[in-house]
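Here is a sequence with its predicted model. Questions after.
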Amino acid sequence: MQAKSLVCEEEDQVSSVKTIRKRSKPTSVGVPSHVIKFKEVRLYLVERKMGSSRRSFLTQLARSKGFVVDDILSDEITHVVSEDSETSSLWTWLKGCGLGNLSKMQVLHISWFTDSMREGRPVTVENRHLIQDALPALQIESALAPVAMISQYACQRRTSTDNKNKIFTDAFEILAENYEFNDLKSSCIAFRRAASVLKSLPWTVECIGATQGLPCLREHTKAVMEDILQCGRSFEVEKILSSERYQTLKLFTSVFGVGLKTAEKWYLRGLRSFSEILAEPSIELNRMQKSGFLHYGDISRAVTKAEAQALGNIIDEAAHLITSDAVIAMTGGFRRGKEVGHDVDFIVTTPEAGKEEYMLRQIIDSFKKQGILLYCEYQASTFHMSKLPCQSFEAMDYFAKCFLILRLEASRVDGGLSCAEGDNRGWRAIRVDLVSPPMDRYAFALLGWTGSTQFDRDLRRFARSERRMILDNHTLYDKTKKEFLTARSEEDIFAHLGLEYIEPLQRNA
């Protein structure tokens, strides 16, 4: 990879030398290269399917006949000319260019251009010249959706799991994670917001002009995108990925129970691998970390939707043996429609006030009796209305909860387990989180635990900045009226905020 970078740098240097040599030639002054006859017409020739040599020839031909031909596609263009007979791919490309004036442009087949060159003037546009006639009106309308309509808040954007700009968002997330590792919070947030915006786009960005007007895209984020568009990769991201510090912190924080501070401490001590940590006598691992290393092979692998549903069935069975009116809800990425995740989150509660924490403890006891409880950290409820509203934006909620590692048998999973190659145990360990809010707090907890993280952050930011309200996993507080607002459902919370309800499948910000 380093060798490729050097080659690319050498090519850039050669290109720069050629550019300098070209510029060193004397230029003619005062005499225009051609006379403009048709100022009301401004052409752009699409290089796709045409090729650069033919495009250059046709450009010079048109200019010699008095036409204005621009080398850059912009909103000043009146006529777009293309040899691309695949109209869908042409329009996909045009949509990705972020034009605000596309509806007023004539998108024409090369036949109009050749007719105009033969006549020596812009000929009348006939139906046979029109490329856009092949497109349904709905497709044209979607191509013209103004980027100004895209909100800076993820809670006002619909984002499915179908990410059309993954090549950019993957790079942004690596950069954000690296900034987090370096405790540069503002830069981390900037890249995560930018990634969130790109994930919401129903089209693929194919030129940097398409990002004009999009919120949350700063100069740095656009520079990274420009690298990827031009070279197919980001050199800044490649440098991070090859960094020993980034690789080590990424590895250490992948262990259940190991946070960034612990990972940084181990790194500064010169440790670089799991074997070095486990062999170091001065390091005392806590219970969570011991379980994290013990079951690392299993819990570092993705959990499938079938495995998550099997765990949901086990939890449901245990809860309904305790009380017939138990309420169980899968949250997190699986509720948002994802096919895989790194763990599984559930809300477990009951309409009977004050009994939810008792039910949670009984469910844990049931897992012990079944022999499927591999690890459990239980945190008792500290919830009380006197602590609300919570002023800490990132505060962990006060509800009773437990962080588990459960043993899942293959016989419980439709289609079997997603086992590692050569693993014939017939079971695997999976991370599961259970939270148990009182029923009158259920809607707030469900919204918060469903995510995504960026969706939740922007929802709370919107409440604070636009509505003078405080939202968290416990409640919604109106600072203007100085009162708590009740909600029986997520829809009620959105209504209080004056937002259109966004279903969980569209919250993948």
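Everything's here; your move.

all strands of the stretch 301-450 of the chain, in order?
303-304, 327-330, 340-341, 344-349, 373-379, 400-409, 427-436 (DSSP state E, counting those that start in this stretch).

next one: the fourth one to chain centre, how far?
Relative to the chain's own centre, strand 344-349 is displaced by 24 Å; criterion: C-alpha atoms, centre = their mean, to the nearest Å.

circling back to that earlier point, out of the strands of the stretch 301-450 of the chain, nearest to Y296?
Judged by C-beta to C-beta, the one of those that comes nearest to Y296 is strand 427-436, at 9.3 Å. From N, CA and C alone the C-beta is placed, and that goes for glycine too.

now the angle between strand 400-409 and that closest one, please.
Interaxial angle of strand 427-436 relative to strand 400-409 (axes from the mean of the first three to the mean of the last three C-alpha atoms, to 10 degrees): 160 degrees.

which helices and strands does strand 427-436 pack with?
helix 296-299, helix 305-322, strand 344-349, helix 356-370, strand 400-409 (3 or more C-beta pairs under 8 Å, 6 or more residues apart in numbering; DSSP states H and E).

Highest mean neighbour count out of the strands of the stretch 301-450 of the chain?
Mean neighbour count (mean count of other C-beta atoms under 10 Å) peaks for strand 344-349 among the strands of the stretch 301-450 of the chain, with a mean of 25.

May I have that strand exported as PDB, CA atoms only?
Output of strand 344-349 as PDB, limited to C-alpha atoms (Å, rounded to 0.1, in the frame of the first residue of the first chain):
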ATOM      1  CA  VAL A 344     -29.000  -7.800  21.200                       C
ATOM      2  CA  ASP A 345     -30.900  -5.300  23.300                       C
ATOM      3  CA  PHE A 346     -34.300  -5.900  24.900                       C
ATOM      4  CA  ILE A 347     -36.800  -3.900  27.000                       C
ATOM      5  CA  VAL A 348     -38.600  -6.100  29.600                       C
ATOM      6  CA  THR A 349     -41.300  -4.600  31.800                       C
END
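
That strand to strand 427-436, inter-axis angle?
Using the same axes, to 10 degrees: strand 344-349 against strand 427-436 is 40 degrees.

mean confidence score for strand 344-349?
Strand 344-349 shows a mean pLDDT of 98 in the predicted model.

can you list the residues that contact it?
303, 307-308, 311-312, 315, 319, 326-332, 334, 356, 359-360, 363, 430-439, 442, 445-446, 449 (C-beta atoms under 8 Å, 6 or more residues apart in numbering).

repeat for stretch 180-196
Outside stretch 180-196, the residues that touch it by C-beta under 8 Å, 6+ apart are 152, 154, 157, 159, 168-169, 172-173, 175-177, 179, 216-218, 220-221, 245-246, 249, 260, 264, 454, 458, 509.

what residue ranges in this protein score low on pLDDT?
For the chain, the stretches with pLDDT under 70 are 1-33, 85-88, 132-148, 392-395.

SS state for the residue nearest to C188 when sequence neighbours are not counted?
Nearest residue to C188 in three dimensions, chain neighbours excluded: Y179, at 3.9 Å (C-beta to C-beta, 6 or more residues apart in numbering). What DSSP: H, G, I helix; E, B strand; the rest coil gives for Y179 is helix.

need the contact list for Y179.
185, 187-188, 191.

buried residues in the strand or helix carrying I174?
Element membership for I174, per DSSP states H and E: helix 166-181. Within helix 166-181, the residues scored as buried using 16 or more other C-beta atoms under 10 Å are 167-169, 171-172, 174-181.

same question, stretch 489-506
Neighbour counts using 16+ other C-beta under 10 Å place 490, 492-494, 496-497, 499, 502, 504, 506 of stretch 489-506 among the buried residues.

which two of those lie the greatest distance from each other?
Going by C-beta to C-beta, the pair spanning the buried residues of stretch 489-506 furthest: H496 and Q506, at 19.4 Å.

all helices of the stretch 101-250 of the chain, in order?
Using DSSP state H, counting those that start in this stretch, the helices of the stretch 101-250 of the chain run over 110-119, 137-143, 166-181, 185-200, 219-231, 235-241, 244-253.

how about TSV for those helices, with distance to S411 added?
Formatted as TSV, the helices of the stretch 101-250 of the chain follow (distance: least, C-beta to C-beta, whole Å):
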stretch	distance to S411
helix 110-119	64
helix 137-143	47
helix 166-181	36
helix 185-200	37
helix 219-231	46
helix 235-241	40
helix 244-253	33
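
With respect to N473, which of these lies nearest?
The nearest among the helices of the stretch 101-250 of the chain, by C-beta to C-beta, is helix 185-200 at 19.9 Å.

before we move on, back to that, pipe the strands of the stretch 301-450 of the chain into a markdown table and attach distance to I277 per row.
Below are the strands of the stretch 301-450 of the chain laid out as a markdown table (distance: least, C-beta to C-beta, whole Å):
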| stretch | distance to I277 |
| --- | --- |
| strand 303-304 | 25 |
| strand 327-330 | 34 |
| strand 340-341 | 26 |
| strand 344-349 | 27 |
| strand 373-379 | 19 |
| strand 400-409 | 19 |
| strand 427-436 | 20 |
